[in-house]
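Chemist: Below are the sequence and a predicted model for it; my questions follow.
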Amino acid sequence: MAGDDGFVVALATNVAIMAIVMVLFNFLWRRFPKVYTPRLLLEKENPPPTPAPGIFGWIRTALKVDDQTFLEQVGMDGFMWTVFFRCMFQAFCICSLFAMIVLIPVNSNGGEDLTGLDSISLSNVTRASSRLWAHLISCYFFTGVIFFYLRKTYMVYIHERAKHVMQGLHQHHTVLVRDLGPAFNTPQKVYDAFAKMYPDVVSVHMVQELTDLEGKIKRRDQALYKLEHFQAIVTKYPHKARPLTRVGGYVCCGGEKVDAETYFFDLLTRRNAKVKEEIKQVTELPKYGPSALVTFASIMSASTAAQVNHTCCAVPWTVTPAPHIEDIVWENLWMSQSTREVRHSLFKAATWALIVFYVIPVAFVATLTTLQSLSDKVPFLADVVDVSPILKGFLEGFLPTLALLVFMMLLPAIMCYFAKHEGRPDKVSINLAAVSKMYNFQIINVFFVSIIAGSVFDAISNIIDSPTSIITLLGESIPRTGIFFTNYVMLQAISSVPMSVLKFFKLIIVKLKLKYLARSERERLAVWEPESPNYVEDLPGQMLVVMLGMVYATVAPIILPFVILFFGFSYIIYRFSFLYMLKPEFETGGLFWPLIFDRIMLGVMVYEFTMLGVFGIFKGAAQAPLMVPLIVISFLFWQHMNKYRGIGVHPPRLQVSELEAGKSKEELDPEAYKMPPLAVELEPSFQTFSEEFRVSAV
């Protein structure tokens, strides 16, 4: 009953939080549209539809927008992300219906006479019971439903991805070439080499050493922003004394106070001159690196170049489709192949070290799920919780999952740092790698460590000695941890997802910046700038919920309604967020979907091996062997779907040939992949607001 008390307290706490969040949001998003619907004001050419009036008008509008319009508004990544939510919502609705009709009645009459939530779980079924056939059937049924919706989503991805790569964007005409040897140390030599193989080379831009230039541009921009800041103050308060700034001295002491606008104008002029001189120097005496961006007149040539071997050197060229110019991490293009390989190994080892380190706090959090074990470590708690059943329920139900989420909040930045310093060339590949690292981390630390929390290192030792023992370990541990992970998914669904749209702290920060810091239009626009979706922070947890829903669907079907709520709320809130609040920093063209698919399939395999162990523990002599064909079918399905992966990376040649009625060299900008510091604009170009922003910004 202690577990039931914790569940009830956790449910009540989360529902209360959700109610408060929804009431606040319905008031705040209309009161502060610059924070909650900035894209409605910033997008002038193709703005999203205005949210309908009423308390839940924003929900109706988010759901009413058709898929094609939504895709055009938010891009391929936002579209595929919400399609993933929708398909998982539909899949788990069907699974929940099956569980309600079949599994819950079977479990509740299982013969063990357990009470509370345990009465509707597999724990209430006696060993070697014929009722285990219902659970075997559920394994096949749940797996089939998930496969149906995974394939359905994959077909949507293939269709839309093909259209995306056929748009003929400049990046589709360009390849990134890395590991160029000393024989190809100038753009002309690279151009000549590719011109021998492809007749339609348009331009070659090699990476250059521009560290000094970048530093001077940064200092120049600082002077420009200060000048804009003080000019805005002078314009807004013409009758007040002109602002002064301190020159010289130390920190706030000493120095001379001078007219701020005049000083920063002169400073900007001097720094502009230094930037021009540096640009002239790096242009006349360039220092090139081992990477280049080669643009072709045809998509066909670019696609071919990205798929064939061009040299027979000891270190062959690495040729891949080019990222967007704004996504490139230029400093990583200097890394040699050997450096990248060494760094990859080092940061892989660092990732595993981090996983081992995090075992300790995560295992401690998991012990909170059993108050008895916690009281053994902290004796005075036993007397405290006896006084208040509510406190006891809070400690067992809500606090452990909240603490676990806090631990996980620290990781995305670490994983992004690891992925970047492995030498990946662009933001897309960095984020894909970081998402993969985060998911692997959560699988081990949130799932596996939590279910064996009482004896982590003993369990690891047993697995090393006998790898097949992991199946038995899962079979023994999964039924015991159903309530813990039900609470975890409940917290995510009812509290965390709704709170993600509230942006309460952002609202406070925005108001403070506007009141005390932001004066120029550039500064105020930066304050209102829509946020970018955080793939590394959000996606791994969402994929983990899919796995938890699968693993516990048969053992503890009480988790399924919360999985439905999680994906239902996520679908609504992310559609609204992408339409009105989020502006992606980069666009992968939906490349996150194959990664999501692989991780879900990994979760399916964990589910099936877990059920193999569960049937063994419950003495299902006939049911356990019949899990093996399902595992084989799942593996074959995984391999079958992966054959479509290449379609999304390279455009189909037949369709490309039809498109190539095509673009001539004159239609492509040969300077499009010029390094940004070499293309900097040195004249002050003051940014302006739309009229709507002007009205309430002052």
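Modeler: It's in.
Chemist: now the strands: where do they sit in the stretch 1-150 of the chain?
Modeler: Taking DSSP state E, counting those that start in this stretch, the stretch 1-150 of the chain contains no strands at all.
Chemist: Next: the chain.
Modeler: Here the chain has its strands, by DSSP state E, at 174-178, 201-208, 244-247, 256-259, 288-296, 318-321.
Chemist: Show the average pLDDT along the fifth one.
Modeler: Spelled out, that is strand 288-296. Mean pLDDT, strand 288-296: 95.
Chemist: Stretch 566-581 now?
Modeler: 96.
Chemist: contacts for that stretch?
Modeler: 36-40, 48-49, 51, 58-59, 61-63, 65, 70, 73-74, 78, 81-82, 85-86, 88-89, 92, 489, 492-494, 497-498, 500-501, 503, 530-531, 533, 542, 545 (CB atoms under 8 Å, 6 or more residues apart in numbering). For glycine as for every other residue, the C-beta is placed from the backbone atoms N, C-alpha and C.
Chemist: Stretch 182-202 now?
Modeler: Residues contacting stretch 182-202 (CB under 8 Å, 6+ apart): 173, 177, 180, 203-206, 288, 292, 294-298, 301, 304-305, 310, 665, 668, 670.
Chemist: Give the buried subset of these as a PyMOL selection command.
Modeler: Selecting only the buried entries of these in PyMOL, with 16 or more other CB atoms under 10 Å as the criterion:
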select buried, resi 173+177+180+203+204+205+206+288+292+294+295+296+297+298+301+304+305+668
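Chemist: circling back: in a markdown table: the strands of the chain, plus distance to residue 10.
Modeler: Compiled in a markdown table, these are given as follows (distance: least, CB to CB, whole Å):
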| stretch | distance to residue 10 |
| --- | --- |
| strand 174-178 | 49 |
| strand 201-208 | 53 |
| strand 244-247 | 55 |
| strand 256-259 | 59 |
| strand 288-296 | 52 |
| strand 318-321 | 47 |
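Chemist: Straight-line length of stretch 619-634, end to end?
Modeler: 24 Å (CA to CA, to the nearest Å).
Chemist: buried stuff in it?
Modeler: 620, 623, 624, 626, 627, 630, 631, 634.
Chemist: Name the weakest-confidence residue in those, if you would.
Modeler: residue 620 (88).
Chemist: gap between the closest residue to that residue other than its chain neighbours and residue 624?
Modeler: Using CB to CB, 6 or more residues apart in numbering and skipping residues adjacent in sequence, the residue nearest residue 620 is residue 132, 4.4 Å away. Separation of residue 132 from residue 624 (CB to CB, to the nearest Å): 9 Å.
Chemist: Overlap of the contact sets of the two?
Modeler: residue 615.
Chemist: pLDDT weak spots in this structure?
Modeler: 1-3, 250-254, 314, 359, 361-408, 452-475, 647-648, 651-666, 683-698 (pLDDT under 70).
Chemist: From residue 258, how far out is the residue sitting furthest away from the middle of it?
Modeler: Here the chain reaches farthest from its C-alpha mean at residue 239, the gap being 49.5 Å by CA atoms, centre = their mean. Plainly put, residue 239 is 21 Å away from residue 258 if you go by CB to CB.
Chemist: Kindly report the same for residue 185.
Modeler: 48 Å.
Chemist: go on, residue 48?
Modeler: Where residue 258 is concerned, residue 48 sits at a distance of 47 Å (CB to CB).
Chemist: between those two, which one's more packed in?
Modeler: Taking residue 48 and residue 258 together and counting by other CB atoms under 10 Å, residue 48 has the greater number of neighbours (20 against 15).
Chemist: residues in contact with that one?
Modeler: Residue 48 neighbours (CB under 8 Å, 6+ apart): 39, 40, 65, 73, 579, 580.
Chemist: Next, count neighbours for the fourth one.
Modeler: Looking back up the chat, that one is residue 73. Neighbours of residue 73 (other CB under 10 Å): 19.
Chemist: thought it was touching residue 46?
Modeler: Yes - counting by CB atoms under 8 Å, residue 73 touches residue 46, with 7.0 Å between them.
Chemist: sorry, back to before: mark which of the buried residues of stretch 619-634 are part of helices, please.
Modeler: The helices, defined by DSSP state H, take in 627, 630, 631, 634 from the buried residues of stretch 619-634.
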